[in-house]
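**Q** Based on what follows, work out the 3D shape:
(2 chains, ligands or ions: 1)
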Amino acid sequence: MDLDALYQEVILDHYRSPRHAGAVADAEVAAEEVNPSCGDHIRLAVEVKDDRIAGVRHESHGCAISTAAASMMSEFAVGRTPDEFRRTADAFVAMMRGEREWDSQGMEDVEALSGVRDFPMRIKCATMCWHAMKKALEKADR
Amino acid sequence: MDACCPVCPSAARRSSFDPRAVRRDFPVLQQTVRGRPLTYLDNAATTQKPSEVIQAVCQYYGTCNANVHRAFHFLAEEATRRYEEVRKSAAAWIGAGSPREIVFTRGTTEGVNLVAHAWARKFLKPGDAILLTEMEHHSNLIPWQLAAKAAGASLRFVPVLPDGTLDLDAFAAHLAAGGVRLAAVTQMSNVLGTVNPVRDLAAAAHKAGALVLVDGAQSVAHMPVSVRDLGCDFLAFSGHKMCGPTGIGVLYARADLLETMDPFLGGGEMIDRVGLEESTWAEIPHKFEAGTPNVSSAIGLGAAFDYLNRLGRDTLAAYERDLTRHAVAALRALPGVRVYGDAPERGGAVSFAVDGVHPHDLAQFLDGDGIAIRAGHLCCQPLMRRLGVPAVNRASLAFYNLEEEVARLADAVVRARAYFGHGP
Ligand SMILES: Cc1ncc(COP(=O)(O)O)c(C=O)c1O
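**A** Modelled structure (predicted):
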């Protein structure tokens, strides 16, 4: 096992300075997700304008993988349509579970998360934020 | 080092204990992980098994495997005899008056559930209360949530103070408020290491008319425990946390209580006379052991009792106490490390936080060094909430751990902190 294959420099960078991170007040919460095995926790606030994701803010209480994943996911999300996001989210989750060949879907940093697939206990850490964002978009749609 | 004088018997005993020699009894500990010696510090989850225990299980299958209490042939008699011998050893291990008070279970969880079904559902009335603490393992919480719901009873909780001890005033106040029929308390926290003053709690509870169940999952494995001395009514523990096999545990219950309780599971072994509509039950403790029991694991547990008795429980407890003190001090001395709990009397479960490093990341990093610790909520989510964190790191010690393993842990924690470079 190579620790550096899991914690690639890009991941540690997102972990140390997560993009689109910030406190999410109770009234703004669009979605919330908890990983019951470790208690990790993410809260999301989302803004959708003219069928585009105009802004995302995530409050992550989690490990390096889950914090970095939330940061990367948010970077990817901004500017996409909810449909685009959903398609990529489904592809990403399938890839993480090994149900689908890896391809980075045009996301640069996200490539670094491919190493997580070799650590089954940590896959949920990388996918939790994508599930949360899908939930948040459903709510925004309504 | 211990300030004890060099000639006093306890110091002499302690110095004759050689953990390095003892380690040779444990096949698992001989291996390397990723090119490094295995440093096993997850003993509160389960301990490793000495060859004697492993061999006892093999030998049982190789020489006298049979179903117990059922047949009249040689093998069945031998299997039954050995199985019942372990019941006697278990009674002796916890100072129970009679083997009739020893029910074999799968472990602590099943023991607590047995009481929650066979006693609580029968005897609790709407308005009654069960008194628990905020430091309980989920297995001494969820069964009571279910039983309380079924009986229309309520749950009350004793808070945990910042030093990791119970708020004893709150315990007394809950009893004084009336209605408490049972207090269910862990003797040793699997998160904070705290040893609770169970004997005093039991005396107070009895005075208020409540029964007392002790979760002995951690304590029975790491300190001498006597149910007579504690004065408790029920005590549950697990074999696998004390060098025995998985799938076997013990519920101690006072004989007069067992007599009045309903069966837990129904089936073979637990009956006396069976009719189509109605049946009567076997004598205690068999009334609570439906179906073919885990004979091989019971025999392995018997070997674990023998093994630990030979090493000396006081000797082991004294060694673990010193090593725990050393580990707490070593971790506290590290920058950015916070150890939870500071109870005056404590066991070897040491939970801590490392500034800027999430427990999952720390456990993963340590695993890269062949060091096994536990990270997460440790089946104590309410306690995590009280501590204000979603998860902790826990190193937990056994008598075969060494000071140099604690040093390895401390060194790796320092490197992990540099590696993750103080997260958000
Ligand atoms: C304090 C405490 N209670 C109960 C349990 C449950 O034990 P088991 O899983 O063996 O039933 C454990 C161990 O996980 C524990 O540490």
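
**Q** pretty sure residue B:362 contacts residue B:393?
**A** Yes - counting by CB atoms under 8 Å, a contact exists between residue B:362 and residue B:393, whose distance comes to 5.3 Å. Quick note: C-beta positions are derived from backbone N, CA and C, even for glycine.

**Q** So if I had to pick from these two, which one is more boxed in?
**A** Counting neighbours by other CB atoms under 10 Å in any protein chain shown for residue B:362 and for residue B:393 shows that residue B:393 has the greater number, 30 against 26.

**Q** didn't the more buried one look like it was pressed against residue B:359?
**A** Yes - the pair formed by residue B:393 and residue B:359 meets the contact definition of CB under 8 Å, at 4.7 Å.

**Q** Which elements pack onto the one helix or strand residue B:322 maps to?
**A** Taking DSSP states H and E as the criterion, the element that holds residue B:322 is helix B:313-332. Counting contacts by 3 or more CB pairs under 8 Å, 6 or more residues apart in numbering or on different chains; DSSP states H and E, the secondary-structure elements packed against helix B:313-332 are helix B:9-16, helix B:219-222, strand B:337-339, strand B:349-354, helix B:403-420.

**Q** If we use 10 Å, what do you get?
**A** Contacts defined by 3 or more CB pairs under 10 Å, 6 or more residues apart in numbering or on different chains; DSSP states H and E place helix B:313-332 against helix B:9-16, helix B:19-23, helix B:219-222, helix B:295-311, strand B:337-339, strand B:349-354, strand B:392-396, helix B:403-420.

**Q** Could you export the ones you listed to JSON lines, including columns for mean pLDDT and distance to chain A?
**A** As requested, the helices and strands packed on helix B:313-332 are exported to JSON lines (pLDDT from 0 to 100; distance: least, CB to the nearest CB, whole Å):
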{"stretch": "helix B:9-16", "mean pLDDT": "52", "distance to chain A": "38"}
{"stretch": "helix B:19-23", "mean pLDDT": "97", "distance to chain A": "25"}
{"stretch": "helix B:219-222", "mean pLDDT": "98", "distance to chain A": "25"}
{"stretch": "helix B:295-311", "mean pLDDT": "98", "distance to chain A": "27"}
{"stretch": "strand B:337-339", "mean pLDDT": "97", "distance to chain A": "17"}
{"stretch": "strand B:349-354", "mean pLDDT": "98", "distance to chain A": "12"}
{"stretch": "strand B:392-396", "mean pLDDT": "97", "distance to chain A": "10"}
{"stretch": "helix B:403-420", "mean pLDDT": "97", "distance to chain A": "6"}
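
**Q** Report the closest residue of chain A relative to the ligand.
**A** Here the residue of chain A nearest the ligand is residue A:37; by CB to the nearest ligand atom that distance is 14.7 Å.

**Q** picking that back up, in the helix holding residue B:322, which of the residues would be classed as buried?
**A** Taking 16 or more other CB atoms under 10 Å in any protein chain shown as the basis for neighbour counts, the residues of helix B:313-332 that come out buried are B:315-321, B:323-324, B:327-328, B:330-331.

**Q** Would you format these as a markdown table with pLDDT and distance to the ligand included?
**A** Putting the buried residues of helix B:313-332 into a markdown table (pLDDT from 0 to 100; distance: CB to the nearest ligand atom, whole Å) gives the following:
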| residue | pLDDT | distance to the ligand |
| --- | --- | --- |
| B:315 | 97 | 23 |
| B:316 | 98 | 18 |
| B:317 | 97 | 17 |
| B:318 | 97 | 22 |
| B:319 | 98 | 21 |
| B:320 | 98 | 16 |
| B:321 | 97 | 18 |
| B:323 | 98 | 19 |
| B:324 | 98 | 16 |
| B:327 | 98 | 18 |
| B:328 | 98 | 19 |
| B:330 | 98 | 23 |
| B:331 | 98 | 20 |
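
**Q** Among these, which one sits closest to chain A?
**A** Compare each of the buried residues of helix B:313-332 with chain A using CB to the nearest CB and the shortest gap goes to residue B:331, at 20.1 Å.
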